[in-house]
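>>> Sharing a model prediction with you, sequence too.
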Amino acid sequence: MTTRQDRPKALRTTIGGNPLSRVFKIQKETHTLGNVLKGILLQHENVNFAAYSVPHPLTEEIEMRVQVNEGEANDAMKDALKQLMNEIEDIDTLFDEAVEDVQMNAMQD
């Protein structure tokens, strides 16, 4: 079984420089995650810039640039990732409830 330590890092960030601005390299992801994360980041109260790019169309990697007014860009990214995970859990719950409803209605018919 693969443990967390055995897996290659999927998220890397620039080191040093200004903590208000960071570039995050996210491997094995494409426009799907980039666009969603950008949208969540732009809703964050301290984020004044969020954008992503795909460095090469044949690689599954995005680069997400985050700039904040105060605090650290790392914290804004962590908040955005936590919010995304919560939203995914909510969608999963709603989906399971909808499947149960359909199954119950099918049994009653």
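Noted; the coordinates are in hand.

>>> Now the terminal residues of stretch 51-68, how far apart.
Using Cα to Cα, to the nearest Å, the end-to-end distance of stretch 51-68 comes to 12 Å.

>>> Show me what that stretch is in contact with.
Contacts to stretch 51-68, defined as Cβ atoms under 8 Å, 6 or more residues apart in numbering, come from residues 20-31, 33-35, 37-38, 41, 44, 46-50, 73, 75-77. Placement of C-beta: from N, CA and C, glycine included.

>>> Grab the nearest non-local neighbour of Glu70.
Nearest residue to Glu70 in three dimensions, chain neighbours excluded: Asn46, at 5.6 Å (Cβ to Cβ, 6 or more residues apart in numbering).

>>> Report all helices and strands that the helix ranked longest in the chain contacts.
Counting by DSSP state H, the longest helix found in the chain is helix 73-108. Judged by 3 or more Cβ pairs under 8 Å, 6 or more residues apart in numbering; DSSP states H and E, the packing partners of helix 73-108 are strand 21-27, helix 31-43, strand 61-68.

>>> Parallel or antiparallel, list what pairs with the lowest-mean-pLDDT helix or strand in the chain.
Sorting the helices and strands of the chain by mean pLDDT, DSSP states H and E puts strand 11-13 at the bottom, at a mean of 74. Strand 11-13 pairs in its sheet with strand 21-27 (antiparallel), by DSSP bridges.

>>> Show residues contacting the strand it pairs with.
Here strand 21-27 makes contact (Cβ under 8 Å, 6+ apart) with 8-14, 33-34, 49, 60-68, 72-74, 77.

>>> Could you check it and say which residues are buried?
Arg22, Val23, Phe24, Lys25, Ile26 (16 or more other Cβ atoms under 10 Å).

>>> Would you mind giving the helices and strands packed on helix 73-108 as TSV with distance to Val54 added?
Conversion of these to TSV gives the following (distance: least, Cβ to Cβ, whole Å):
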stretch	distance to Val54
strand 21-27	11
helix 31-43	7
strand 61-68	6
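
>>> Out of those, which one sits most buried?
strand 61-68 (a mean of 21; mean count of other Cβ atoms under 10 Å).

>>> Fine by me, we can end here.
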